[in-house]
Every structure is written in structure tokens, then in C-alpha cells.
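Enquirer: how does the following fold in three dimensions:
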Amino acid sequence: MAIRASYEYLLAYKITVPIYDLTVEFVRRYINPKSRTTDQMVQAARSGTQNIAEGAKEQSLRTYIKLSGVARASLEELLKDYLAFARQRKVEVWEAERAKREIGEIREIWEIIKKDPVLPDHPNFPDLPNNLEVGVNLMISLINQANFFLDRLVASLKEKHKKEGGFTEKLYKERLAYRGY
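Expert: Purely as a prediction, here's the structure:
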């Protein structure tokens, strides 16, 4: 197996992949392709995934924290889009426990996510359900789960920064050591 990037092992990252894929499918199915909402939702879903990857590859822990926060904010925006869609189409939004109990795709997605340390290049995630109410609640549930993991990621990165310092501090210490101070 090829060496994988550290962020690919994170649940906060892995759960954003089906969110992005299913959002693309959702907007194709339910939203006018010429609508600004289509672009906004796809870009917010993409940002949820890509900012984690970009942040993890930064040398600066501060930037990683910032970009993980951007990913979290983008997913919050996406969540609000799905909630607005549900409100405007009079689709019932379920409680989290009902969604977990009744939407089999949630279990299928988590089985794929947990099966291996990293996702395969082409994970076989289930398609968006044909039932609109189930599909909307699937997306809301997945985004809420991703937001939970992103909040934990940001908190752990802040704790690491507090304990270890940031990139600039480390460079400064190295410079002082080099100069013999």
C-alpha cells in the first residue's frame, strides 16, 4: 500500500468525502443547475474536504487550525442550505436518533469509513436515496457528524499548539540554538 497523507486517517476527513460526493448527486437531482445555490452547495461540500487536506499539509499548525476552521464553517453553510431546502420544500427534518435508526445509508457509509485506516481511492458509497425526505435527512445527519469531528479536530490542534508552539516559534528556537544562545 502506498504511503498516505496523515489527514486521510482522520474521521473528520473521511466523513467529508461522501458528503461531497452525495451533495454533487443531490444538486444534480433536486436543484436547478443554473442556480447559484448549486454552485454554492457543491463548493461548500468541496471546501469541507479540501481545506482539511490543505491544512494538514501546511508546515504551520496555525494555518492547519485556520483551514480546519474554514472546512467547519463551509460545512455549517452547507448544513444551512440543506435545512433551508427542507423548510422551503416542507420536508420534515428528523431527530438524529431517528435518522441513524432509519437511514441504512448512514450505517453503510460508516462501515466503509471504519473498514480500513484510509478510504480506498474509489470508495463504494451508497447512492443518494430516491426518497427526498430520506436523502435530505441523510445529508443533514452526515454533516452534523462531520461538524462534530471537525470541532474535535480543531480543539486537539489548538491544544497541540498550546503545548508545542507554532512553526514560527520552532524556527526561532532553532535559530537561537544555531547562534549558540
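
Enquirer: and the helix or strand encompassing A53, how far out from the chain middle?
Expert: Assessed by DSSP states H and E, A53 sits inside helix 36-57. Its chain's C-alpha centre and that of helix 36-57 lie 8 Å apart, by CA atoms, centre = their mean, to the nearest Å.

Enquirer: what's the model's confidence in that helix, averaged?
Expert: The average pLDDT within helix 36-57 is 96.

Enquirer: try stretch 108-117
Expert: 96.

Enquirer: distance between that stretch and the chain's centre?
Expert: Centroid separation for stretch 108-117 versus its chain: 15 Å, with CA atoms, centre = their mean.

Enquirer: and the nearest residue to K14 once chain neighbours are set aside, how close does it get to E8?
Expert: Nearest non-adjacent residue to K14, counting by CB to CB, 6 or more residues apart in numbering: I113, 4.7 Å away. Any C-beta I mention is one placed from the backbone N, CA and C, and that applies to glycine too. I113 sits 11 Å away from E8, going by CB to CB, to the nearest Å.

Enquirer: ok, F26 next?
Expert: According to CB to CB, F26 and E8 sit 24 Å apart.

Enquirer: and E58, by the same measure?
Expert: 16 Å.

Enquirer: and what of R179?
Expert: According to CB to CB, R179 stands 39 Å off from E8.

Enquirer: just give me the longest helix of the protein.
Expert: helix 132-164 (DSSP state H).

Enquirer: and that one with helix 36-57, angle?
Expert: Counting by axes from the mean of the first three to the mean of the last three CA atoms, to 10 degrees, helix 132-164 lies at 30 degrees to helix 36-57.

Enquirer: thinking again about what came up before, which of I113 and E8 has more neighbours?
Expert: I113 (18 against 15; other CB atoms under 10 Å).

Enquirer: for the more buried one, give me its contacts.
Expert: With contact set as CB atoms under 8 Å, 6 or more residues apart in numbering, I113 has these partners: L11, K14, I15, L119.

Enquirer: between these, which is closest to K100?
Expert: Nearest to K100 out of the contacts of I113 is I15 (CB to CB; 13.6 Å).

Enquirer: give me the below-cutoff pLDDT ranges for this protein.
Expert: Filtered on pLDDT under 70, the chain yields the residue ranges 1-2, 166-167, 170-172, 175.

Enquirer: and if we set it to 50?
Expert: 1 (pLDDT under 50).

Enquirer: residue with max distance from the center of it?
Expert: Distance from the C-alpha centroid of the chain peaks at G180, with 44.5 Å (CA atoms, centre = their mean).

Enquirer: what number of residues lie near E92?
Expert: Neighbour tally, E92, other CB under 10 Å: 9.

Enquirer: which residue packs closest to it, ignoring adjacent ones?
Expert: Counting by CB to CB, 6+ apart, E133 is the residue found nearest to E92 once chain neighbours are left out, at 6.1 Å.
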